[in-house]
Structure formats: structure tokens, C-alpha cells
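1. below is the structure, and that's it, no one-letter string:
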């Protein structure tokens, strides 16, 4: 015989809208959910941070490699000539000081790239000392570069007015230096090639 006494304290059994005796729904706060899943959330967050940083550094490295490749593919001689030509076109628009600053920068960039010297990091005096210690420059261009640095510093830092003849002289000196050093290097390389071919023929 079924015992109805145990169910006497369940008034919802008499409620026709209640179809099953299921557990009541318990709602948890977001904070409780986060605390209960703290370990997994920490692991996922750390993994996401690692992925983001890895992507950032890989992308940065690719851009750096691409920039280096482009830079290496540009001939320092051609780059210097184009820069000087562009500066010549702006000679009438620029004041003497910014003009000479830019001209000095072009010449130093050329020296740094063509001869692997830290020209951009040196002061004027340090630049001349470095030039004097290099046989290629000391025998042919030391006086020219010393005059260029001295005259350029006088224009850049002096309060006196600068004549156009001074600007033209600096421009001519820079252009001569770039063209003549490049020609001398090409002649040396050609002589080495001819010497190598001659030695090969004799052997």
C-alpha cells in the first residue's frame, strides 16, 4: 500500500501546474563563476598574451628584415647623388643653417654606408680623427673633409651671415667627394679583377 504521509508536507504536489519534482535553479554571480574557473581563465589569458606578443615580435622582425633588405639594395652612391640633387633644388627655399645640416647629413650617411664607418654617431672632431686614421681618406680627402667640417660648423653655429659662395663651395665639395671616392673605389675593384684575370691566365 502506497504511503502518502511522506508527501503530505509537499504542497506543490497538489498544484496542477507542477509537472515534475526537479531541483530548483540556482543563479551564480559572475564573480563566483570567475573564482570557480580561475585556473582555466588564467591559463587561457596567459596563452593569449603569449600569442599576441609572439605575433607582434614576428611582425616587427619581418618589417625590420624587409627594411634592411631595401636599404642594402640601394646603392649609397646613387642615394647620395639623388639626395644632393634634391637638396640643390631646395637651395633657394632653405636657410643656410638647415641647408648645411642636411648636406652634412647626406655626406655622413654616404660615408657610413659606403665605408662602414659610424659617421652619424661622431662629432665633427671625432669624424676627422676617424678619417685621418683611414689610409683611403688620409691620403686623398683628409684636407677636403676637414675644410668641409670646419666651414659647415661655422655656418651651422655662427651668428654671422652666410654668403651664397660659402654654400656653393660646401655643395661642390660634397659632390666632388662623393663622385671621386666612388670612382676611386670602382677603379680599385676593376684593378683587382684585372689582376685576378691576369694571374688566372698565367697559371
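-> On my side now, so go ahead. None of these values were measured; they are calculated from a predicted model.
2. next structured bit after the host helix or strand of residue 82?
-> Assigned by DSSP states H and E, residue 82 belongs to helix 76-89. Under the assignment DSSP H and E, the closest C-terminal helix or strand after helix 76-89 is helix 96-115.
3. quick check: angle from that following helix to helix 76-89?
-> Taking axes from the mean of the first three to the mean of the last three CA atoms, to 10 degrees, one finds that helix 96-115 is oriented at 170 degrees with respect to helix 76-89.
4. mind listing residues that contact helix 96-115?
-> Helix 96-115 has contacts (CB atoms under 8 Å, 6 or more residues apart in numbering) with 76-77, 79-80, 83-84, 87, 90-91, 94, 117-120, 127, 134, 136, 148-149, 152, 155-156, 162, 166-167, 170-171, 174, 177-178, 181-182, 185. In short, each C-beta sits where N, CA and C put it, glycine included.
5. quick one: buried ones out of those?
-> Using 16 or more other CB atoms under 10 Å as the burial test, the contacts of helix 96-115 include 76-77, 79-80, 83-84, 87, 117, 119, 127, 148-149, 152, 155-156, 162, 166-167, 170-171, 174, 177-178, 181-182 as buried.
6. isn't residue 155 up against residue 162?
-> Yes: the pair residue 155 / residue 162 is scored as a contact, 5.0 Å apart, by CB atoms under 8 Å.
7. low-scoring stretches of the protein, by residue?
-> Scanning the chain for pLDDT under 70 picks out 1-28, 63-73, 194-203.
8. again, 80 this time
-> 1-38, 41, 55, 57, 59-73, 160-162, 192-203 (pLDDT under 80).
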